[in-house]
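# Make a model of this:
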Amino acid sequence: MKEKLIKVGISIGDMNGIGLEIILKTFDDHQILELCTPIIFASNKLVSFQKKHFNTNTNFQGIETASAALEGKLNVVNCWKDTPTVAFGQETEEGGRYAFLSLQAAVEALKKGEIDVLVTAPINKNNIQQEEFHFPGHTDYLAKELEGNSLMFMVSEEVKVGLLTDHIPLKDVSESITETLIIEKARLMHESLVKDFRLQRPKIAVLGINPHCGDKGVIGSEDDEVLRPALKKLYFDENILVFGPFAADSFFGSQTYRNYDAVLAPYHDQGLIAFKTLAFGSGVNFTAGLSKVRTSPDHGTAYEIAGKGIADPESFRHAIFMALDAFRNREEYAELTQNPLKVRTLEADKDK
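Below you'll find the predicted structure:
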């Protein structure tokens, strides 16, 4: 029997950005329809408008619910009947409202099991704010809706970087980093590397909070008083292979990151400047720690090029493929851990 294709739910992000452009360009390659069943949460009118504007060859099938999706087709769930005004490159209240309607509908379908994974196009974190969305981004909203802890995990073939703190002001970073937070985020990263990326004994490098990891208290005491004790507990009490802290300024330039499977950075720019320098355009924003798989491209709404037809869909395409891989890896992990004998057999085969 033919294997059932994974249903990929897609929220469109801000309609005035590059979201729908990169979605449509991705599925211009019809071979991807042999790997999954994509379901966009928007409206036929909006998708038709952008399809015509960007002159793409992507044909789609309008449906009323995700459960009615057809294999071999790009499906569009009609989440609204009205016709919003598209203003490419502009931050509008309407753009934020419809971005949330798309996301909300996709998440509901994910919770009901009507889709298997979620891939989100970029939102504007300012105009999406409303009564039902008071979050600094997708990650925190999804953690609430899916009732789990989350880790912002930027992933590419080159490097994987997770964050202890993500979208918070720099002035709040130090007081936000506690031993409890460090242990929680390291556990999430370790679990994701094992379940989602099939690494049996992953090695995690942790960057220092202060310059030069505090220089023994000269530039701050957090690394010695908070970070090091947490890493010792993880290593000795939980057998999680964490190493560090490492001085962040030389860690990537010296190629030290290549010795580890992933890097845990204390704050947003410390980790993401390095990640996007090494992997921009091919990286994926992966939300680890949730009960469902969610990915996103590694860029924002790109208002400055929106509507011009020049947006590169590469990162969005990688987000699709990574969601499919992670879903299969989780299923395989669940199957193997339910059957310890099978695990032992596989490990014995690897040793031969």
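# Report the separation between residue 100 and residue 143.
To residue 143, residue 100 is 16 Å away according to Cβ to Cβ, to the nearest Å. Where C-beta positions appear, they are placed from N, C-alpha and C, glycine not excepted.
# Equivalent analysis for residue 239, please.
Plainly put, residue 239 is 26 Å away from residue 143 if you go by Cβ to Cβ.
# Those two: who's more crowded?
The residue with more neighbours, out of residue 239 and residue 143, is residue 143; 17 against 9, by other Cβ atoms under 10 Å.
# which stretch of helix or strand covers that one?
Assigned by DSSP states H and E, residue 143 belongs to helix 138-145.
# Tell me the buried residues in that helix?
138, 139, 140, 141, 142, 143, 145 (16 or more other Cβ atoms under 10 Å).
# dump the residue contacts of residue 42.
With contacts defined as Cβ atoms under 8 Å, 6 or more residues apart in numbering, the neighbours of residue 42 are 12, 15, 20, 76, 77, 78, 79, 98, 102.
# now swap in residue 124 and tell me
14, 17, 91, 95, 96, 99, 300, 301.
# likewise residue 223?
Residue 223 touches 208, 209, 210, 213, 214, 245, counting by Cβ under 8 Å, 6+ apart.
# And residue 138, by the same measure?
Residue 138 sits next to 103, 120, 123, 287, 294, 296 when contact means Cβ under 8 Å, 6+ apart.
# So which of the residues you listed are in strands?
Among these, the members falling in strands (DSSP state E) are 120, 287, 294, 296.
# What pLDDT is listed against the first one?
The predicted local confidence for residue 120 comes out at a pLDDT of 97.
# Please apply the same query to the last one.
Predicted confidence (pLDDT) at residue 296: the value is 96.
# Is it correct that it is in contact with residue 285?
Yes. The pair residue 296 / residue 285 is scored as a contact, 4.2 Å apart, by Cβ atoms under 8 Å.
# Now the common contact residues for the two.
residue 319.
# what's stretch 270-282 in contact with?
Contacts for stretch 270-282 (Cβ under 8 Å, 6+ apart): 154, 156-159, 161-163, 207, 248, 251-252, 257, 263, 265, 283, 298-299, 312, 314-315, 318.
# could I have it exported to PDB, CA atoms only?
Presented in PDB, the C-alpha positions along stretch 270-282 are these (Å, rounded to 0.1, in the frame of the first residue of the first chain):
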ATOM      1  CA  GLN A 270      24.900  36.200  20.900                       C
ATOM      2  CA  GLY A 271      23.700  33.000  19.200                       C
ATOM      3  CA  LEU A 272      21.800  34.300  16.200                       C
ATOM      4  CA  ILE A 273      24.400  36.700  14.800                       C
ATOM      5  CA  ALA A 274      26.800  33.800  14.500                       C
ATOM      6  CA  PHE A 275      24.100  31.400  13.200                       C
ATOM      7  CA  LYS A 276      22.900  33.800  10.500                       C
ATOM      8  CA  THR A 277      26.400  34.600   9.500                       C
ATOM      9  CA  LEU A 278      27.200  30.900   8.900                       C
ATOM     10  CA  ALA A 279      23.800  29.700   7.600                       C
ATOM     11  CA  PHE A 280      21.600  32.600   6.500                       C
ATOM     12  CA  GLY A 281      19.200  31.400   3.800                       C
ATOM     13  CA  SER A 282      19.600  27.700   4.500                       C
END
